[in-house]
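J.: compute the structure for the input listed below.
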Amino acid sequence: MTLRKWDSEDGEKQRKCIDEVITRIEDIDGSVGVIAAQDIIDIVTENLAPEIYNKGLRDAKKLLVTKFSDIESELDLLEQS
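T.: Residues are numbered from 1 along each chain as shown. Okay, here's the model as predicted:
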């Protein structure tokens, strides 16, 4: 099976997600198979993964800016006259 860019390399997590989708759909509607559950996960992941990834990058960038600012302030305090 070819991995898509949004596939998890952790097969156990992916299987857990599929099982949860199946359970939820069965709770609502009746029954669903593994292929249908995987299709649902693919649709959601394909559409939301870039947004989630980009939010993670923005959060990391914000953290780095704060840390670099702190370091800059500490370096300024070390400056001798």
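J.: report pLDDT for Lys55.
T.: The model reports Lys55 with a pLDDT of 89.
J.: how much space between it and Lys67?
T.: Note on Lys55: its distance to Lys67, by CB to CB, to the nearest Å, is 19 Å. C-beta coordinates here come from the backbone N, C-alpha and C atoms, glycine included.
J.: ditto for Ala37
T.: From Ala37 to Lys67 the distance is 41 Å (CB to CB).
J.: who has more neighbours, the two?
T.: Ala37 (20 against 10; other CB atoms under 10 Å).
J.: residue contacts, that one?
T.: Ile18, Asp19, Val21, Ile22, Ile25 (CB atoms under 8 Å, 6 or more residues apart in numbering).
J.: my read: the last one touches Val34, true?
T.: No: at 11.5 Å, Ile25 and Val34 do not qualify as touching, with contact defined as CB atoms under 8 Å.
J.: between those two, which one's more packed in?
T.: Neighbour totals were compared for Ile25 and Val34, and Ile25 leads with 16 against 12 (other CB under 10 Å).
J.: nearest residue to the more buried one other than its sequence neighbours?
T.: Leaving aside its sequence neighbours, Ile25 sits nearest to Val32 (CB to CB, 6 or more residues apart in numbering; 4.2 Å).
J.: how near is that neighbour to Glu74?
T.: Applying CB to CB to Val32 and Glu74 gives a distance of 56 Å.
J.: these two: who's more crowded?
T.: Applying other CB under 10 Å to Val32 and Glu74 shows that Val32 carries more neighbours, namely 18 against 9.
J.: just the pLDDT at that one, thanks.
T.: On the pLDDT scale, Val32 gets 75.
J.: how about it, secondary structure?
T.: coil (DSSP: H, G, I helix; E, B strand; the rest coil).
J.: that one reaches Ile22, doesn't it?
T.: Yes: contact criterion CB under 8 Å: Val32 and Ile22 qualify, at 5.4 Å.
J.: pLDDT weak spots in this protein?
T.: 1-9 (pLDDT under 70).
J.: try 90
T.: 1-55, 80-81 (pLDDT under 90).
J.: tell me where it has helices.
T.: Using DSSP state H, the helices of the chain run over residues 11-28, 34-78.
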